[in-house]
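# Using only what follows, build the 3D model:
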Amino acid sequence: MADSQPIPIPITPAEGVLTVRGSATIDAPPDRVWSILTDFKSYPQWNPFTRSQTLYDTSKNPLPDSALATDLFLHVSRVHLPPTMGEPGLFGQASTWEKIVSVSHEDHRMAWEFYLPLMPKWLLRAERWQILTDLDGGKTRYDTFEVFGGPIAYLIKWVHQQNLKDGFKAMAEALKARAEGAQNVPES
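Model (predicted):
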């Protein structure tokens, strides 16, 4: 782990209408877990919640996953609600654009926020963090959470709260299985 202090987390669950979390203790070192977490092109192989993510520059040109940095964009183009490795049901798939607001490869942390230029942030704000913590014995703690705020967050809470909770849990479990060596994650 780097000698510097970890990057601060600027948003807290108390600031939102809805907070969704997922976590897992993984029997693998942080570098291995980070390499899986930031290999967006491999998500269809193991991630039942976020099936596809592509990194873009500010002109919306696709980039390799290795370019991951602050101020780039992430197109999350297939989110399965509820999570599944198979085909989602009717209205069971969503997509979104996110702006990457924080990345620390040293501290194994990244965050992005919902990005829709024509929608003011007071109407909907969503910020997601993914954090790895180095534990003793070559293990890693994976924590992820997303905080939704603004009037539209009430609608998201009403319509998608349970599916989002299930998705975050399924992603944490699938990341654990992938990092610990299981190539095939059971379908949710």
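# What mean pLDDT does stretch 109-121 get?
Average pLDDT, stretch 109-121: 92.
# for the protein, what spans make up the helices?
If DSSP state H is used as the criterion, the helices of the chain fall at 30-37, 43-46, 151-179.
# who wins for proximity to P120 among these?
Among the helices of the chain, the nearest to P120 by C-beta to C-beta is helix 151-179 (10.5 Å). All C-beta atoms are positioned from the backbone trio N, CA, C, and that covers glycine.
# And the closest one, what does it pack against?
Contact partners of helix 151-179 among helices and strands, from 3 or more C-beta pairs under 8 Å, 6 or more residues apart in numbering; DSSP states H and E: strand 18-26, helix 30-37, helix 43-46, strand 139-149.
# how does it look with 7 Å?
strand 18-26, helix 30-37, strand 139-149 (3 or more C-beta pairs under 7 Å, 6 or more residues apart in numbering; DSSP states H and E).
# Of the helices of the chain, which is nearest G92?
Using C-beta to C-beta, the nearest of the helices of the chain to G92 is helix 151-179, at 8.4 Å.
# pLDDT weak spots in this protein?
Applying pLDDT under 70 to the chain picks out residues 1-14, 90-91, 182-188.
# re earlier: as a markdown table, the helices of the chain with mean neighbour count and distance to S23 would be great.
Formatted as a markdown table, the helices of the chain follow (neighbours: other C-beta atoms under 10 Å; distance: least, C-beta to C-beta, whole Å):
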| stretch | mean neighbour count | distance to S23 |
| --- | --- | --- |
| helix 30-37 | 19 | 12 |
| helix 43-46 | 18 | 17 |
| helix 151-179 | 18 | 6 |
